[in-house]
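Mind looking at a prediction? Sequence and model below.
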Amino acid sequence: MHRSIAPDVSRSHGLQGWHVLAILLGFFGTIFAVNGYFIFKSLATHSGVVSEEPYRKGLGYNQRIAANDRQATLDWRADLDVKATGAIRLSLLDAGGHPIVNERVALTVGRPATRSFDRTIALTETAPGIYAGTTHEFAAGTWIADADVQDPQNPETDYRIRRRLWLTP
């Protein structure tokens, strides 16, 4: 009897071509799946629009600078208090510490990254220089409050207030 000394090549236990193919397909499949998920989430959560009507706002840029200069000369002091319960209070005083009365105040409160949570509240004067209003509760987190104070006799905004708020329930 003669025995063969040649190795049995029919059962190789090492890395084969289909192993390499499976590893490559798994690796790139994972990369494509994760990228696809991130693209979907980014498009679904933020539109990418930083400013509505940027061209029109750009045309009014010099007027906005002039309005800011006028506002600085007023030297008003504003104390804005927004509670997580929805209670809002704005105190307005002039440079001499006297209350600013008979103004129309519109306050918009929203999230920094989206407009979907924006709420506009008309504040009413409850005492000289004190403007208040209520809305439904705010969720915990960061909010931006923008108030426009106008003299009812003058359609231009007299004073603008912008505050970043951190609300806790």
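Received, thanks. Residues are numbered from 1 along each chain as shown.

going forward, measure contacts between C-alpha atoms and count neighbours the same way
Will do.

what ranges of the chain fall below the confidence cut-off?
Residue ranges of the chain with pLDDT under 70: 1-12, 47-50, 157, 169.

and the nearest residue to Asp94 once chain neighbours are set aside, how many residues sit next to it?
Once flanking residues are discounted, Asp94 sits nearest to Trp76: 4.4 Å by CA to CA, 6 or more residues apart in numbering. Applying other CA atoms under 10 Å, we find 17 other residues in the vicinity of Trp76.

Touching, Trp76 and Pro99? I think so.
No: in this structure, Trp76 sits apart from Pro99 without contact. The criterion is CA atoms under 8 Å, and the distance is 9.6 Å.

Now list whatever residues contact both of these two.
Counting by CA atoms under 8 Å, 6 or more residues apart in numbering, the shared contacts of Trp76 and Pro99 are 92-93.

for the chain, what spans make up the strands?
Taking DSSP state E, the strands of the chain run over residues 77-82, 87-93, 104-110, 119-127, 130-134, 141-150, 157-167.

Contacts only, for Gln150.
Residues in contact with Gln150 (CA under 8 Å, 6+ apart) are 103-105, 156-159.

the longest helix in the protein is where?
Residue-count comparison of every helix in the chain, with assignments taken from DSSP state H, identifies helix 17-45 as the longest.

what's the spacing between that one and its chain's center?
Centroid separation between helix 17-45 and its chain, computed with CA atoms, centre = their mean, to the nearest Å, is 30 Å.
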